[in-house]
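Novice: A structural model of the following input is requested.
(4 chains)
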Protein chains: 2
Amino acid sequence: MNGEAEKVRTLDELESEVIALFVRAADMLNLPRSVGELYGILFVSAVPLCLDDCRIRLNISKGSTSQGLKILRSFGAIRTVYVPGDRKDYYVAETSLRKIASGFASEQIQPHVASGDDRIGRIREMLDAYESDTKDDLTEKVELLENWQRRAGKALPLILKLIGK
Amino acid sequence: MNGEAEKVRTLDELESEVIALFVRAADMLNLPRSVGELYGILFVSAVPLCLDDCRIRLNISKGSTSQGLKILRSFGAIRTVYVPGDRKDYYVAETSLRKIASGFASEQIQPHVASGDDRIGRIREMLDAYESDTKDDLTEKVELLENWQRRAGKALPLILKLIGK
DNA sequence: CATGATGTTCAATATTTACTGAACAAACCG
DNA sequence: CGGTTTGTTCAGTAAATATTGAACATCATG
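Specialist: Take a look at the predicted model:
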């Protein structure tokens, strides 16, 4: 009988479907497909996996795997676990949405918000040293920008709060 | 004297800086650069602009301009204004952050969330028709997914609330 | 230290995505 | 209608981005 084989086959399909889910999520967040695949394979795995495990199962290159794991580490979407008697690094997916979201926010979003702040500051300076018949209109608009920026800055921490633990 | 010329020059720099701000914002939101440029030029302009005004000022093609304005319209980031005695469509930038954000959320994000729902539904079905020694672990994980999805769905409207008017 | 195992980097390449411009459709107007 | 203006579409091309794989670093261990 092929009962065993069927079980494995079904698991493969389930795995693929979960991975596909994270590939789409990665796409939404502007991350490379391989990063979604890597998070997916670690998320479904019942045991920690090392670089080569991921690489072989996903059939992607060593380079992509190394780079992808680095990205996932950078915002705390995965963490390493120590496996006694093995020199390799083993990874598991972080399952706290709060941790992942806040890591993502502070590593991938916050820098953009900050550099936006800088630019608006420069725009304000240029405006102050400027005269024209549209100055009033421009001033209003720069103030609108400053307002948006303020609200965006406040929104991030609040979003994390309401995502909860 | 070149007082006039200097004023214009300064305005150009200011305009460029504002446009650059929205180009970066577009990048963050995964929208083409040209879409950021278009919103930017409309945002800084004291008067409504038509397709050709935008195209010429930004030095981009008719095709990009048409496509970009369509995208901006699709989530309400710009609106058309009627100019008597002119057959062309004129556009102004929407300045209500709430309107833009909610348009963006419902047009660009919500569809992804919905298709994620579908996929998780399918994953759940596959899991229920499945047996193995890791079923318990997988069940926990699928429940985690369902939990995330639920929270993501609730977060969107809340984010809009706290962005305010 | 020499070896082999593990992971990283980066130049070359493949893939994806955006942009262009010319052909086309629609609407107005004499 | 025929000509003109305005805007859209889409096949081809250009530009940006991700992936590969081989060379390189690191390090534990005999």
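Novice: tell me which other helices or strands the longest helix along chain A touches.
Specialist: Taking DSSP state H as the criterion, chain A has its longest helix at helix A:135-163. Judged by 3 or more CB pairs under 8 Å, 6 or more residues apart in numbering or on different chains; DSSP states H and E, the packing partners of helix A:135-163 are helix A:97-104, helix A:110-128, helix B:3-28, helix B:33-44, helix B:97-104, helix B:135-163. C-beta here means a position set from N, CA and C on the backbone, and glycine is covered the same way.
Novice: okay, the host helix or strand of A:Ile71 in CSV with CA atoms only?
Specialist: Assessed by DSSP states H and E, A:Ile71 sits inside helix A:62-74. Listed next in CSV are the C-alpha coordinates belonging to helix A:62-74 (Å, rounded to 0.1, in the frame of the first residue of the first chain):
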residue,chain,number,x,y,z
LYS,A,62,23.5,29.1,-1.4
GLY,A,63,23.8,32.8,-2.0
SER,A,64,20.1,33.5,-2.0
THR,A,65,19.7,31.3,1.1
SER,A,66,22.4,33.1,3.0
GLN,A,67,21.2,36.5,2.0
GLY,A,68,17.6,35.6,2.7
LEU,A,69,18.3,34.3,6.2
LYS,A,70,20.3,37.4,6.9
ILE,A,71,17.3,39.6,6.0
LEU,A,72,14.9,37.5,8.1
ARG,A,73,17.4,37.7,11.1
SER,A,74,17.7,41.5,10.6
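Novice: need the contact partners of the helix or strand following it.
Specialist: Using DSSP H and E, the helix or strand that follows helix A:62-74 in sequence is strand A:78-81. Contacts to strand A:78-81, defined as CB atoms under 8 Å, 6 or more residues apart in numbering or on different chains, come from residues A:38-39, A:42, A:48, A:69, A:72-73, A:89-94.
Novice: what does stretch A:131-143 give?
Specialist: So stretch A:131-143 is contacted by A:120, A:123-124, A:127, A:130, B:7, B:11, B:14, B:18, B:43-44, B:46, B:95 (CB under 8 Å, 6+ apart).
Novice: of those residues, buried ones?
Specialist: Buried residues within the contacts of stretch A:131-143, counting neighbours by 16 or more other CB atoms under 10 Å in any protein chain shown: A:Ile120, A:Ile123, A:Leu127, A:Tyr130, B:Leu11, B:Leu14, B:Val18, B:Phe43, B:Val44.
Novice: so among the residues you listed, where is pLDDT lowest?
Specialist: Minimum pLDDT for the buried ones among the contacts of stretch A:131-143 is recorded at B:Leu11 (60).
Novice: now do the same contact list for the most centrally placed residue in chain A.
Specialist: In chain A, the residue lying closest to the centroid (CA atoms, centre = their mean) is A:Phe104, at 4.8 Å. The neighbours of A:Phe104, taking CB under 8 Å, 6+ apart as the test, are A:Leu29, A:Phe75, A:Ala77.
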